[in-house]
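Q: I'd like to go over a predicted model; first the sequence, then the structure.
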Amino acid sequence: MPKPTILVTRRLPPAVEARLRRDYDAKLNQDDRIYTSDELAALAADADGMLICTSEKITPALVEKLPDRLKVIATFSVGYEHIDIAACEARGIVAANAPGTMTEATADLAMLLILGAARRSYEAQQLVRQGQWKGWHATMLLGIDLHGKRLGIYGMGRIGQAVARRARGFGMEIHYHNRSRLPHDLEAQATYHATLEDLLRVSDILSINAPSTPDTRNALNAERIALLPDGAVVVNTARGDMIDDVALIGALKSGKLRAAGLDVFAGEPNLHKDFLALPNVYLLPHIGSATIETRDRMGYAALDNIDAALQGRPAPNRLW
Ligand code: 8YV
């Protein structure tokens, strides 16, 4: 029997591509060029499944053009705002994501952003690399302690909880806002705030860990930034569209906010150019899940979804 055909839209780690080649007739993207919607439709014409990334927008118009034989779209990500789930459901195409695979890596990166922003890592690196470091002095590059500070976590899912675990080790006090309060054992003595506004009022450092949805987009706007304590730090490892960039940049310029650490951006990779000129922003290029182990796990999870869907079993992380 011929192997099913899988369209793989981006270059993936070698171990993941090896499993794809072993089990499927895999149409790999060796150049890693991002396909247009028309190219995706054409390439998928003889496919039984697609393994996509967040760079591929699965719109209702594209879903319409997919062949009847296509049974599954698995994304190499936890976020699935790029997939129109209702359109997939209407065509009977299984859509599935890869939750739980990048929890620890992303939480590590949130701590890197918190430390990077709070301890002025960008300015410190610049000083050393540009040969401007003239020697130690007592008031050089002063940041703030994490110990004793209140960490506000917006979105207490797997990643938010993993950030909380790490932050406790740094002596931080954990506060959170989530759609629903966590059970007592998962809460682990964190303080629940029923509204985002209440959380912001007590967040010396705010970590955004909620999914991007129509309800959460632009959640951190000018009015809400004003609620943060003066000199607060904001970090984002979730999605850039949850922050109003103009409001954030204004608050970083005025000193309302001390610093920010950002791994994700609205319209990335084309981030708002004013971020580049701000010394108090620690910037990373969407590498929250970028570890060797995690990227393999993400690929295997996507393949587990594809295997199940094509073998007539429920996909482990089916979205409808
Ligand atoms: C990915 C992510 O790097 O999983 C997600 O939602 O944002 C990242 O881990 C990227 O989006 C892969 O498609």
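A: Done, it's in. Residues are numbered from 1 along each chain as shown.

Q: mind pulling up the phi and psi values for V246?
A: phi -60, psi -40 (degrees, to the nearest 10).

Q: repeat that for A260.
A: The phi/psi pair for A260 (degrees, to the nearest 10) is phi -140, psi 150.

Q: just the pLDDT at it, thanks.
A: A260 carries a pLDDT value of 99.

Q: how near is it to the ligand?
A: Distance, A260 to the ligand, by Cβ to the nearest ligand atom, to the nearest Å: 18 Å. C-betas here are computed from N, CA, C, even on glycine.

Q: ok, now A117?
A: 20 Å.

Q: wait, is that residue part of a helix?
A: Yes - counting by DSSP: H, G, I helix; E, B strand; the rest coil, one finds A117 located in a helix.

Q: my guess is it contacts L252, does it?
A: No - applying Cβ atoms under 8 Å, one finds A117 not in contact with L252, separated by 10.2 Å.

Q: what sits in contact with each of these two?
A: 259-260, 280-281 (Cβ atoms under 8 Å, 6 or more residues apart in numbering).

Q: contact partners for the closest residue to the ligand within the stretch 101-250 of the chain?
A: Using Cβ to the nearest ligand atom, M102 is the residue of the stretch 101-250 of the chain that sits closest to the ligand, at 4.9 Å. Contacts here follow Cβ under 8 Å, 6+ apart; on that basis M102 touches 78, 159, 288-289, 294, 297-298.

Q: same thing but at 10 Å, please
A: Contacts for M102 (Cβ atoms under 10 Å, 6 or more residues apart in numbering) come out as 77-78, 108-109, 158-159, 162, 237, 288-291, 293-295, 297-298, 301.

Q: so for stretch 39-50, mean pLDDT?
A: Averaging pLDDT along stretch 39-50 gives 98.

Q: quick one: buried residues of that stretch?
A: Within stretch 39-50, the residues that count as buried by 16 or more other Cβ atoms under 10 Å are 40-41, 43-44, 47-50.

Q: thinking again about what came up before, give me the more crowded residue out of A117 and L252.
A: Set A117 next to L252 and count neighbours by other Cβ atoms under 10 Å: A117 wins out with 26 against 21.

Q: now do the contacts for that one.
A: Counting by Cβ under 10 Å, 6+ apart, A117 touches 143-144, 205, 233-235, 257-262, 280-283.

Q: does the ligand have contacts with the helix or strand containing A167?
A: Element membership for A167 (DSSP states H and E) is helix 158-169. No - using Cβ under 6 Å from any ligand atom, we find that helix 158-169 stays clear of the ligand, coming within 9.7 Å at best.

Q: which is the next helix or strand following that helix?
A: For helix 158-169, the succeeding helix or strand toward the C-terminus, using DSSP H and E, is strand 173-177.

Q: output that following strand as CSV, nothing but the C-alphas.
A: C-alpha atoms of strand 173-177 as CSV (Å, rounded to 0.1, in the frame of the first residue of the first chain):
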residue,chain,number,x,y,z
GLU,A,173,5.4,36.4,45.3
ILE,A,174,3.0,34.9,42.7
HIS,A,175,-0.3,36.5,41.6
TYR,A,176,-2.3,35.5,38.6
HIS,A,177,-5.4,36.1,36.5
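
Q: which strands border it, and is each parallel or antiparallel?
A: Strand 173-177 has the following sheet partners, assigned by DSSP bridges: strand 150-154 (parallel), strand 191-192 (parallel).

Q: so for N218, which of the ones you listed sits nearest?
A: Closest to N218 of these is strand 150-154 (Cβ to Cβ; 13.1 Å).

Q: C-alpha coordinates for that closest one, PDB please?
A: Taking C-alpha atoms only, strand 150-154 is exported to PDB below (Å, rounded to 0.1, in the frame of the first residue of the first chain):
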ATOM      1  CA  ARG A 150       5.200  40.500  43.000                       C
ATOM      2  CA  LEU A 151       5.100  38.500  39.800                       C
ATOM      3  CA  GLY A 152       1.700  38.900  38.000                       C
ATOM      4  CA  ILE A 153       1.000  36.000  35.600                       C
ATOM      5  CA  TYR A 154      -1.700  36.700  33.000                       C
END
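
Q: perfect, that will be all.
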